[in-house]
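Asks: This is a predicted model, with the sequence first.
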Amino acid sequence: MSPKLAFTCGDPAGIGPEVIAAWLATHPDEAADVALIGPASWLEKLDTPATKVPVGLEGFVATPGKPSGEGALVAWAALERAASGCREGEFSGTVTGPVSKEWLARIGYSFPGQTEFFAARWGGEPVMAFCGGRLRVVLATWHVPLHHVPRLLGPHLLHRTVAAADELARVFAPPASALPPLRSQPEWAQAGAILTPPRIGVCGLNPHAGEAGLLGTEERDLINPALDHLRPTFPGLSRCEPGDTLFARQLRGEFDVVIALYHDQGLAPLKTVEFDEAVNVTLGLAHVRTSPDHGTAFGIAGKGEARPTSFANAVQVARRLIATRAARRSA
């Protein structure tokens, strides 16, 4: 049997369990190929052929909208189970439900987010990326203070970020004949024709990408020389471009993917354009991990208001990444 795609529940008091349940209801023909990881009390309520993997304290029952330390323990245990299952070949990858960083920190979870957790469990150097129907964004840095960003933008970091951007763009390129088709390929996953080699736009750090040194010298002295060194390997790579227009240029079809140098530079336009559709993708690791690009939303949990679109898209992207990597290994 092929390894199943693991779904972690996230914080059981958040909207993770209900968006997963909504996905199961609308994708019954795909449910047998996934494994659900969460509290037994939640799994018992689901009428599905999906594999059920209970974790957490026996007898725990979450109350929607009311997070707790016990719920955070469930969320953490689900992550550990998904990580070990991928390492051992039980799972092909994982789609993670949203967790509460605040509540995880209260119980001793030491990672800034789920991205860093999976890097620690799987090894490798993670790259955080996001994709929606129209925008694809890769972050060079993410959960660091803004004043740390310039000194982090060295050649090694830029190289792995560009390589991740290249991989993300190719996931959406027309599939090779050896690549197994997805069971469903929604219009969302086909938006925009990807060229080969992918066209990768890089945001400048400073306003107007430094204006030739008038508004900052990092582009001229550090970033552009590193990008020039990478261009023979990635021919579609730009030099630093003004960040205030680069995302509009991607929307017009000029670039296949954009690299943002810090968190809000990339996430502000992405969430403005595609708040309910975007997917968080962790690249650079041995196994595939995606997640909906929204939080636990405790305020609406259990009220039937949560939209499952981002989670459904996260499943599509995970499967596409898994298939693309498998095709490359067999080539």
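Replies: Structure's in. What do you need? Owing to the predicted nature of the structure, the values given are computational and were not obtained by experimental measurement.
Asks: With only the CA atoms kept, save the strand or helix carrying Arg325 in CSV.
Replies: For Arg325, the element it lies in under DSSP states H and E is helix 309-330. Output of helix 309-330 as CSV, limited to C-alpha atoms (Å, rounded to 0.1, in the frame of the first residue of the first chain):
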residue,chain,number,x,y,z
THR,A,309,-10.8,26.5,1.0
SER,A,310,-7.3,27.0,2.2
PHE,A,311,-7.1,23.5,3.7
ALA,A,312,-8.4,21.9,0.5
ASN,A,313,-5.7,23.8,-1.5
ALA,A,314,-3.1,22.7,1.0
VAL,A,315,-4.0,19.1,0.3
GLN,A,316,-3.7,19.7,-3.5
VAL,A,317,-0.3,21.4,-3.2
ALA,A,318,1.0,18.6,-0.9
ARG,A,319,0.0,16.0,-3.4
ARG,A,320,1.5,17.9,-6.2
LEU,A,321,4.8,18.3,-4.4
ILE,A,322,5.0,14.7,-3.5
ALA,A,323,4.3,13.6,-7.1
THR,A,324,6.8,16.1,-8.5
ARG,A,325,9.5,14.9,-6.2
ALA,A,326,8.8,11.3,-6.9
ALA,A,327,9.0,11.9,-10.7
ARG,A,328,12.4,13.6,-10.2
ARG,A,329,13.7,10.7,-8.2
SER,A,330,12.7,8.2,-10.9
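Asks: mind listing what's buried in it?
Replies: When burial is assessed from 16 or more other Cβ atoms under 10 Å, helix 309-330 yields the following buried residues: 309-325. In this view, the C-beta of every residue, glycine as well, is placed from N, C-alpha and C.
Asks: How about stretch 222-236?
Replies: Buried positions in stretch 222-236, judged by neighbour count with 16+ other Cβ under 10 Å: Leu222, Ile223, Asn224, Ala226, Leu227, Leu230, Phe234, Gly236.
Asks: Give me the residue ranges of the stretch 151-300 of the chain where confidence is low.
Replies: Applying pLDDT under 70 to the stretch 151-300 of the chain flags residues 174-195.
Asks: At which residues are the strands of it located?
Replies: Remark: strands assigned in the stretch 151-300 of the chain by DSSP state E, counting those that start in this stretch are 200-203, 237-241, 257-260, 279-285, 288-292.
Asks: between those, which gets nearest to Tyr109?
Replies: Of all the strands of the stretch 151-300 of the chain, it is strand 288-292 that lies closest to Tyr109, at 16.1 Å by Cβ to Cβ.
Asks: That closest one: partners in the sheet, and parallel or antiparallel?
Replies: strand 91-96 (parallel), strand 279-285 (antiparallel) (DSSP bridges).
Asks: Now do it against helix 309-330, angle only.
Replies: Between strand 288-292 and helix 309-330, the angle comes out at 170 degrees (axes from the mean of the first three to the mean of the last three Cα atoms, to 10 degrees).
Asks: before we move on, back to that, could you dump the buried residues of stretch 222-236 to a markdown table with distance to Ser100?
Replies: Formatted as a markdown table, the buried residues of stretch 222-236 follow (distance: Cβ to Cβ, whole Å):
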| residue | distance to Ser100 |
| --- | --- |
| Leu222 | 37 |
| Ile223 | 35 |
| Asn224 | 40 |
| Ala226 | 37 |
| Leu227 | 38 |
| Leu230 | 38 |
| Phe234 | 37 |
| Gly236 | 39 |
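Asks: which ones among these are found in helices?
Replies: Per DSSP state H, helices hold the following members of the buried residues of stretch 222-236: Asn224, Ala226, Leu227, Leu230.
Asks: so which of those residues comes closest to Asp166?
Replies: Checking those against Asp166 with Cβ to Cβ, the nearest one is Leu230 at 9.9 Å.
Asks: For the spatially closest residue to the closest one that is not a sequence neighbour, give me its contacts.
Replies: Of all residues not flanking Leu230 in the chain, Val162 sits nearest, at 5.5 Å (Cβ to Cβ, 6 or more residues apart in numbering). Contact analysis of Val162 by Cβ atoms under 8 Å, 6 or more residues apart in numbering lists Ile200, Val202, Leu227, Leu230, Phe234, Leu237, Ile259.
Asks: how far away is the first one from Ala165?
Replies: In this case it means Ile200. 5 Å (Cβ to Cβ, to the nearest Å).
Asks: Quick check on those two: which one has the bigger neighbour count.
Replies: Ala165 (30 against 26; other Cβ atoms under 10 Å).
Asks: hang on, the more buried one packs against Gly201?
Replies: No: look at Ala165 against Gly201 with Cβ atoms under 8 Å: they stay out of range, at 9.1 Å.
Asks: Overlap of the contact sets of these two?
Replies: Contacts common to Ala165 and Gly201, judged by Cβ under 8 Å, 6+ apart, are Val257, Ile259.
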